[in-house]
Each structure stands twice: as structure tokens, then as C-alpha cells.
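Based on what follows, work out the 3D shape:
(one chain, ligands or ions: 1)
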Amino acid sequence: MGLESVPSSKTKPFLNVFDHKIVSPPPAWLMRQAGRYLPEYREIRAKASSFLDFCYTPKLAAEATLQPITRFGFSAAILFSDILVVPDALGQKVSFESGEGPRLDPLVTEQDIAKLSGINLQKLEPVFETIDRVKSALPEETALIGFCGAPWTVASYMVAGKGTPDQGPARLFAYRQQGLFQKLIDLLVSASIDYLAAQIKAGVEAIQIFDSWAGVLPPHEFELWCLKPVKAIIEGVRAQYPEIRIIAFPRGAGSHLPAFATICGADAIGLDTPVDPKWAAKEIDQKIVLQGNLDPLALVAGGKALESSTRNILEAFAGRPHIFNLGHGILPETPLEHVEHLLKILRSEG
Ligand code: CP3
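Presented below is the predicted three-dimensional model:
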């Protein structure tokens with residue numbers, strides 16, 4: 001089959017997977033692994049006046065990035081930042097209200113969009129400094145992942161000005177003013193390419209593109225607003241960095257996944273919780289690495305539920321390169337012992 005099996009002690013197991021190697025146990029990291037479930041995160045979070053200040057303070061952001069590595073020893077660290085620093089660097093007002101999530105000045109009119117600038121990478125300099133600090137402190141077997149939000153997901157917050165249950169405001173905007181919405185998406189595509197290229201230049205070894213709201217789009221809109229922009233970002237980044245490892249996470253893409261995976265050009269696809277791993281392992285191009293997809297609630301529950309859910313996933317992906325992860329971000333109420341238990345299961349079963 002041309003697939004080599006390598007012990008995961010060699011260099012960086014996370015990166016080995018991308019060379020079509022089956023790494024056993026599979027490399028593991030968890031989406032949102034730096035965050036409120038960690039007491040040490042809550043402690044340093046309290047030192048910053050706002051969440052954005054926290055993201056833009058390299059000393060604190062680097063510490064937050066490293067905390068889950070120090071405590072658990074995951075195979076990869078993910079840069080501590082947020083997808084909404086991009087609208088901030090485009091000149092839209094962004095803030096985070098504690099307990100309520102993000103708040104932005106919503107984009108309503110053509111002028112609101114015309115007012116946005118190109119991406120101000122100077123403003124994002126603290127992010128690149130964070131990457132530099134993390135790189136010099138990470139254990140040599142741990143990879144560093146950078147990220148951005150996909151244009152559809154970022155645009156949906158920019159239009160609504162906040163989180164909504166189904167991104168109705170952006171969907172309506174895109175139907176009513178398709179040309180104008182396309183302009184916003186194009187702006188986000190080029191901003192994301194520049195931002196990711198700068199992260200790679202600063203030292204990240206892989207990137208993940210989060211399309212957390214892909215699942216609310218009907219087929220035609222999925223192609224226009226999710227698939228095409230993600231593909232354009234991947235092409236733009238690869239034109240500058242052909243070797244960079246790219247993970248796309250189109251949450252909720254469901255039956256679109258096999259076509260999405262083949263067309264978008266990513267090396268790996270992040271699978272969300274409801275995707276049947278056996279189906280994905282069979283239907284998605286064998287050349288593509290699959291990442292996922294434990295239910296974050298199984299990790300909250302722990303015990304037998306955690307054990308059997310984890311084993312099902314390992315079994316389904318045995319035989320193809322796999323990165324173990326959750327199907328969405330870790331929940332703040334997750335007990336630390338359950339994360340330890342998960343890693344024990346992976347290390348003994350993988
Ligand atoms: O550990 C990591 O994964 C790295 C850091 C990271 C954060 N946000 C930190 C964060 C990453 C990769 C993100 C991505 C992100 N941000 C997404 C895509 C992934 C997903 O979860 O679907 C989205 C949609 C956002 C936007 C966002 N940021 C929302 C909706 C919220 C509020 C909801 C919440 O969880 O509080 C945030 C705030 C945020 N981003 C927090 C963290 C740790 C919590 C704020 C705090 O600690 O005060």
C-alpha cells in the first residue's frame with residue numbers, strides 16, 4: 001500500500017502523519033486546548049483587561065499556547081489567538097463581552113464594507129512575536145499549528161456583529177446583495193492568505209482553516225462561500241509555501257465532505273462530531289489525512305462513554321493516517337482528569 005508505519009517517538013509525530021505514515025498511537029491535539037477548562041489559563045486570563053489585549057500580549061498568548069503542552073504533552077500546540085483578529089486588522093471594531101462572546105460593529109451598507117482597509121499586518125505583529133516565543137520554548141517533538149477562520153465563518157460574524165444560532169443575517173445578506181457579499185469574501189480571502197503567510201514566515205509548521213459555520217449553507221451556497229474561498233486561500237498560501245501542511249475544518253459539511261476534501265487541496269480534513277468515522281474513512285480520498293472526531297461531551301462525561309467512543313474512532317481510522325482530535329472545541333466544564341484518561345487510552349490502544 002506504500003503506507004509505512006512509524007513509531008511516534010521519531011521527531012514530530014504530528015508532521016510524520018502528513019508524509020502518509022500511519023503513526024501509532026496517532027498524534028493528538030484538541031481544538032481550543034488552551035482555554036477556560038485549565039485553571040492556569042483562567043489565572044493568566046485575569047491579568048489582561050480584555051480578551052483581545054490578551055491575544056495581543058505575546059508573553060501571555062505564548063504562555064497560554066504552551067500551557068496544554070506542559071500539562072498534557074499533546075503532539076501539537078495551536079497558536080493562542082482568535083479568528084476575529086482578522087476583522088480587527090481590517091479596521092472593523094471588535095470586542096469580546098465576558099460571558100456573551102464577540103461583538104463587532106455590524107456590516108450593513110455598501111459603505112461599511114468600502115470602509116474596510118486591506119489587512120494591517122503591523123497590527124498583528126504581536127501574533128507573530130507570540131509564534132516566535134512559542135517556537136523557542138516548545139519541546140522538539142511538538143509541532144506548532146497556526147490558523148485563521150474561513151471567509152464564510154469570519155464574514156458571518158462581521159455581518160451580524162455577534163454570534164447567532166444559524167448565521168441568518170449573513171445568509172440573508174448574501175442572497176440579497178450577492179455582488180457585495182462576494183467583495184467581502186474576496187477581501188477575506190486575500191487578507192487570510194497574507195495573514196497565514198506571515199504566520200508561516202514566523203514559524204508555524206501547519207495551519208488549520210476553521211469554517212465553523214459551513215454547515216448552515218445549502219449546496220449552491222456551500223460551493224460559493226465555503227469551498228471556493230477555502231480553495232483560493234489554500235492555492236494562495238501554497239504559491240508562497242508549497243510544503244506547508246494544511247488542515248481544513250468545514251464543520252457541518254456532512255455529505256459534501258468527500259468532494260470538498262478532493263477539490264479544496266488541503267492535506268487533512270477535520271471531521272466534526274456527527275460525521276461517522278467509518279463512512280469518512282471509506283468515502284474520503286485515501287491521500288487525505290483525517291482528523292477528529294470525539295464528541296466533546298464524551299470527554300466531559302468520561303468513564304465508559306469516553307473509552308468506547310475513543311475506541312470506535314481509533315478502529316475506524318486504523319489503516320489510514322489519522323490525527324486524533326475532538327469534533328469541535330473542548331468545553332470549559334471538561335474535567336482535567338478526563339483529558340488525562342483520554343491520553344492514556346490513546347497511548348495504550350493506538
Ligand atoms: O486553543 C485554541 O484552540 C487556540 C485558540 C482559539 C480561540 N478561538 C481562543 C478563544 C481558536 C483556534 C479559536 C477559534 C475560533 N474563535 C473559532 C473557530 C473554532 C470554533 O470554536 O468554532 C470561532 C468561531 C471563534 C470566535 C469566538 N471566539 C467566539 C464565538 C468566542 C466566544 C465563545 C467562547 O467560547 O467564549 C470566542 C472567544 C474565545 N476564543 C475564547 C477563547 C479561549 C474564550 C474567551 C475568554 O477566555 O475570555
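
For the stretch 251-350 of the chain, which segments are assigned as strands?
Secondary structure of the stretch 251-350 of the chain (DSSP state E, counting those that start in this stretch): strands at 268-270, 289-294, 322-326.

With the chain instead?
Applying DSSP state E to the chain gives strands spanning 4-7, 21-24, 76-78, 94-97, 101-104, 143-149, 206-211, 245-250, 268-270, 289-294, 322-326.

Least confident of the ones you listed, on average?
For the strands of the chain, the bottom mean pLDDT is recorded on strand 4-7, which sits at a mean of 51.

need the longest helix for this structure.
Identified as the longest helix of the chain according to DSSP state H is helix 178-202.

What residues of stretch 222-236 count as buried?
Residues of stretch 222-236 classed as buried by neighbour count (16 or more other Cβ atoms under 10 Å): 222-234, 236. Yep, even glycine has a C-beta here, placed from its N, CA and C like the rest.

Isn't Lys12 up against Leu144?
No: in this structure, Lys12 is not within contact of Leu144 by Cβ atoms under 8 Å, at 9.7 Å.

Just the pLDDT at Gly319, thanks.
For Gly319, the predicted pLDDT is 88.

What's the separation between it and Met158?
Separation of Gly319 from Met158 (Cβ to Cβ, to the nearest Å) stands at 42 Å.

Show me which residues of the stretch 101-250 of the chain are close to the ligand?
Contacts of the stretch 101-250 of the chain with the ligand, taken as Cβ under 6 Å from any ligand atom, map to Gly101, Pro102, Phe147, Gly149, Thr153, Gly163, Phe210, Ser212.

Now the buried members of those residues.
Buried subset of these (neighbour count, 16+ other Cβ under 10 Å): Pro102, Phe147, Gly149, Thr153, Phe210, Ser212.

Tell me the bridge partners for the closest residue to the second one other than its chain neighbours.
Read that as Phe147. For Phe147, ignoring the flanking residues on the chain, the nearest one in space by Cβ to Cβ, 6 or more residues apart in numbering is Gln208 at 4.6 Å. Counting by DSSP bridges, Gln208 is bridged to Phe147, Ile247.

which residues touch Gln208?
Applying Cβ atoms under 8 Å, 6 or more residues apart in numbering, we find Gln208 in contact with Ile78, Ile145, Gly146, Phe147, Ile246, Ile247, Ala248, Phe249, Gly270.

Find me the pLDDT at Lys10, would you?
The predicted local confidence for Lys10 is 59.

Highest neighbour count among the contacts of Gln208?
Comparing those on neighbour count, Ala248 comes out first with 29 neighbours (neighbours: other Cβ atoms under 10 Å).

nearest spatial neighbour of that residue, skipping sequence neighbours?
Using Cβ to Cβ, 6+ apart, the nearest residue to Ala248 is Ala266, at 3.9 Å.
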